[in-house]
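Engineer: give me the fold of what follows.
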Amino acid sequence: MGKKLVMAQKRGETRALCLGVAMVMCAVIAYYILGTTMLPLYQKSVWTQKSTCHLIETNIKEQEELEGKKVPQYPCLWVNVSAVGRWAVLYHTEDTRDQNQQCSYIPGSLENYQAAWADVEKVRAKFHEIQTFYCFSATRENETTVLYQRLYGPRTLLFSLFWPTFLLTGGLLIIAMVKINQSLSILAAQK
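Structural biologist: Got it, this is the predicted structure:
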């Protein structure tokens, strides 16, 4: 009976150690992926200064009013604000600015033109309702763009790092508990 108990205990310890090592390896892989994808985007983000923006004007542009070669097939909201003592164009996020510099807000549903128009109208009405809001501006003097919301801010980075840190801590705790259990069983066997 004692030998079966020891064998079962060793198998359980081996499985627990494998689980702990697997959790630590998954955490390391997740840290690597986040370090190569999220961290550079966070470091490249120049919109770090939180400012107060005052609405100057909003305008919904139709597709034929837009300039440039790539004309979007959706209504385009253009928002001008006063931020940090100067006139600026407001963009919803960093990606909005990269997708189309002529639009401050790109609607979520681009398949249905009427739904996109209603979405843009709702956002425009929200801006006219609040008039003054927080935005993010660049620290450069000649920058004439501000963001309403940062995609790659400190909060996003912390939320992204939560699960890998949880996995790493849990894996290390499992490994530590197994090693403590092994050392205590050796001490008990010696007595």
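Engineer: OK, contacts around M177?
Structural biologist: Applying C-beta atoms under 8 Å, 6 or more residues apart in numbering to M177 gives the contacts A16. (Glycine included, C-beta is placed from N, CA and C.)
Engineer: got phi/psi on it?
Structural biologist: Note on M177: backbone dihedrals following degrees, to the nearest 10 are phi -70, psi -40.
Engineer: got it, and G153?
Structural biologist: phi -90, psi -180.
Engineer: and what of the one 10 residues further on?
Structural biologist: Here the main-chain torsion angles of W163 (degrees, to the nearest 10) amount to phi -70, psi -40.
Engineer: with P75 instead?
Structural biologist: The phi/psi pair for P75 (degrees, to the nearest 10) reads phi -70, psi 150.
Engineer: per-residue confidence for it?
Structural biologist: What the model reports for P75 is a pLDDT of 82.
Engineer: gap between it and E129?
Structural biologist: For P75, the distance to E129 (C-beta to C-beta, to the nearest Å) stands at 19 Å.
Engineer: tell me which of these two has more neighbours.
Structural biologist: P75 (22 against 8; other C-beta atoms under 10 Å).
Engineer: correct me, but the more buried one touches Y105?
Structural biologist: No - taking C-beta atoms under 8 Å as the definition, P75 is not a contact partner of Y105, at 9.5 Å.
Engineer: need the residues touching each of the two.
Structural biologist: Counting by C-beta under 8 Å, 6+ apart, the residues touching both P75 and Y105 are V120.
Engineer: please, where are all the strands along the protein?
Structural biologist: Counting by DSSP state E, the chain has these strands, from start to end: 49-61, 76-83, 86-91, 132-137, 145-147.
Engineer: tell me which residue is most central in the protein.
Structural biologist: Residue closest to the mean C-alpha point of the chain, counted by C-alpha atoms, centre = their mean, is T156 at 3.8 Å.
Engineer: and T37, what does it touch?
Structural biologist: When contacts are counted by C-beta under 8 Å, 6+ apart, T37 touches no other residue.
Engineer: could you measure from Q49 over to I60?
Structural biologist: Q49 sits 29 Å away from I60, going by C-beta to C-beta.
Engineer: same thing with G171?
Structural biologist: In terms of C-beta to C-beta, G171 sits 52 Å off from I60.
Engineer: which one's more surrounded, the two?
Structural biologist: G171 (20 against 16).
Engineer: find the nearest non-adjacent residue to that one, please.
Structural biologist: M23 (3.1 Å; C-beta to C-beta, 6 or more residues apart in numbering).
Engineer: same check on V89?
Structural biologist: Leaving aside its sequence neighbours, V89 sits nearest to T145 (C-beta to C-beta, 6+ apart; 5.2 Å).
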